[in-house]
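# no sequence for this one, just the structure:
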């Protein structure tokens with residue numbers, strides 16, 4: 001099978017492959033389409049033909065070909081299908097690994113042309129336990145600074161850290177992974193939507209209200225489409241309100257949620273130390289960090305993630321796996337009424353409910369746990 005590794009920028013896809021190649025005993029070739037013009041589909045065939053030549057010359061049992069950012073080549077999936085099928089016909093044992101940072105474009109090409117020929121692996125943003133083990137960060141630091149491994153070197157200088165997140169992560173993700181590869185009629189609207197959604201991460205905001213705060217004109221259908229593109233790039237999502245009616249679910253106001261809490265923190269005008277001293281803001285930091293953890297785990301593990309709101313009753317997160325439900329309430333604000341879990345349990349008696357506070361289940365424990373164990 002063709003092995004396809006997907007994930008957002010700077011989560012470690014290329015580093016992972018480099019570690020594999022460093023210990024790989026068979027011949028291999030690595031090539032990246034990052035700097036190749038999108039219309040140059042001949043590049044793909046040229047790289048593949050070179051791999052075939054080396055495979056024949058070396059007379060080895062197999063040859064490994066790694067293609068990075070392959071989704072940037074137009075009609076890449078049709079070309080890969082043609083070349084892969086030729087190898088199978090002529091008994092060329094060339095193993096192929098494809099890497100990409102746009103899940104939507106990759107999955108579209110895979111489903112259209114490469115059905116039955118591939119396996120996928122999605123690399124999510126790093127978990128708290130992974131960041132703690134690799135860099136020694138505490139839960140508070142993880143909640144604020146997020147989990148981009150490349151940014152860990154700049155934590156002593158917060159202004160430098162913010163510039164790195166903005167210039168080296170956000171800008172390439174939007175400009176190169178979305179604007180260059182997808183037709184966007186209103187690029188300014190997309191960028192403004194991203195900034196606004198990061199700032200309001202963890203909150204339910206109606207699309208109509210968001211339109212009133214955005215500079216460029218648009219409509220709710222456009223915003224919904226742009227939210228889906230940002231989700232496919234591993235940046236942020238708009239969670240839907242949980243209801244058995246899929247029609248009502250689609251029409252609900254989204255709960256905005258970043259995939260990495262660094263995207264939330266970088267949009268705040270305060271520092272880490274000041275944020276910790278600001279209890280309402282720190283409560284938002286914790287809720288957004290938990291939401292980011294759940295979003296990534298839902299992509300990795302396959303359960304569905306929602307919020308729930310019915311009149312004045314609200315639950316922060318609802319996890320659905322088959323016919324199993326888990327409702328999760330984050331008690332980060334002592335002045336907030338928490339009648340949501342009881343109301344949710346009344347409507348859905350079979351659901352499991354969890355309350356996150358400092359007395360029973362702490363938010364640090366949630367960040368370090370696998371949500372699949374809750375079902």
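Thanks, I have it. Remember, it's a predicted structure, so these values are computed and weren't measured experimentally.

# Please count neighbours and contacts with C-alpha atoms only from this point.
Will do.

# And the strands in this structure, which stretches?
For the chain, the strands defined by DSSP state E occupy 2-7, 28-32, 63-68, 94-100, 118-123, 236-239, 255-258, 304-310, 313-321, 324-330, 352-356.

# tell me the most buried of the ones you listed?
Highest mean neighbour count of the strands of the chain: strand 255-258, a mean of 27 (counted as mean count of other CA atoms under 10 Å).

# so how far is that one off the chain centroid?
Centroid separation between strand 255-258 and its chain, computed with CA atoms, centre = their mean, to the nearest Å, is 12 Å.

# Packing partners of that strand?
Where contact means 3 or more CA pairs under 8 Å, 6 or more residues apart in numbering; DSSP states H and E, strand 255-258 is packed against helix 187-199, strand 236-239, helix 279-301.

# Which of the ones you listed comes out lowest on mean pLDDT?
Of all the helices and strands packed on strand 255-258, helix 187-199 carries the lowest average pLDDT, namely a mean of 91.

# what angle do that one and helix 279-301 make?
Interaxial angle of helix 187-199 relative to helix 279-301 (axes from the mean of the first three to the mean of the last three CA atoms, to 10 degrees): 110 degrees.

# Run through who's touching helix 187-199.
174, 179, 210, 214-218, 223, 226, 230, 236, 256-258, 263-265, 267-268 (CA atoms under 8 Å, 6 or more residues apart in numbering).

# Pull out the buried positions in that helix.
187, 189, 190, 191, 193, 194, 195, 196, 197, 198, 199 (16 or more other CA atoms under 10 Å).

# OK, contacts around residue 18?
Residue 18 neighbours (CA under 8 Å, 6+ apart): none.

# State the distance from residue 282 to residue 132.
20 Å (CA to CA, to the nearest Å).

# And these two? Which one has more around it.
Ranked by neighbour count (other CA atoms under 10 Å), residue 282 and residue 132 place residue 282 first, with 20 against 17.

# OK, contacts around the more buried one?
Contacts for residue 282 were tallied using CA under 8 Å, 6+ apart; they are 275, 276.

# quick revisit: out of the buried residues of helix 187-199, which is nearest to residue 371?
residue 198 (23.6 Å; CA to CA).

# Figure out how far stretch 25-37 is from the centre of its chain.
When C-alpha coordinates are averaged (CA atoms, centre = their mean), stretch 25-37 and its chain have centres 24 Å apart.

# Cool, thanks, signing off.
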